[in-house]
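Student: Return a 3D structure for these sequence lines:
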Amino acid sequence: MPTYDYVCLSCHQRFDVFLSYSEYGVKKVTCTLCGSADVKRRLNRIRVLKSENSRMESMADDLSGFEGLEDDPKALGSMMRKMGREMGEELPPEFDDVVDRLESGQSPEEIESALPDLGGAVGGGDDDL
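Tutor: Just a heads-up that it's a prediction; the model follows:
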């Protein structure tokens, strides 16, 4: 049975309702908290699945203007944010922090000196042995 998301316009409570396709639009929906019938359906985000090849092609198209990004932290941050979304995977909070700093105009060198522990998580050094 499909789940439909609603918000109560009286108490602002968000709630889910399980309705069959035949019940939707026919059965009266009331708030689960206050019982008000003054409710509105909320539309959830829509996700589109992309194949790995499709995501990589999209990123490759974005990388065509990669030259000169090292001199433009805002453009580099914007490109990194878009690539992060295209990956379709949960990225660590540090990623958002770095991208936010780039988009605010901070240079990669300034970010590296402000977040010295950031490079340690990458690995590959002799300390990992």
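
Student: contacts and neighbour counts: CA atoms only from here.
Tutor: Will do.

Student: Next secondary structure after the lowest-mean-pLDDT helix or strand in the chain?
Tutor: Across the helices and strands of the chain, mean pLDDT, DSSP states H and E gives its lowest value to helix 52-62, namely a mean of 69. Of the helices and strands lying after helix 52-62 in sequence (DSSP states H and E), the nearest is helix 73-87.

Student: helix or strand right after that following helix?
Tutor: Next along from helix 73-87, by DSSP H and E: helix 93-103.

Student: list the buried ones in that next one?
Tutor: Within helix 93-103, the residues scored as buried using 16 or more other CA atoms under 10 Å are 98-103.

Student: Which pair of those residues spans the longest distance?
Tutor: By the measure CA to CA, Val98 and Glu103 form the most distant pair in the buried residues of helix 93-103, at 8.7 Å.

Student: Out of the buried residues of helix 93-103, which is nearest to Lys82?
Tutor: Val99 (10.2 Å).

Student: residue ranges with poor pLDDT in this protein?
Tutor: Along the chain, the model assigns pLDDT under 70 to residues 1, 45-50, 55, 58-68, 87-88, 119-129.
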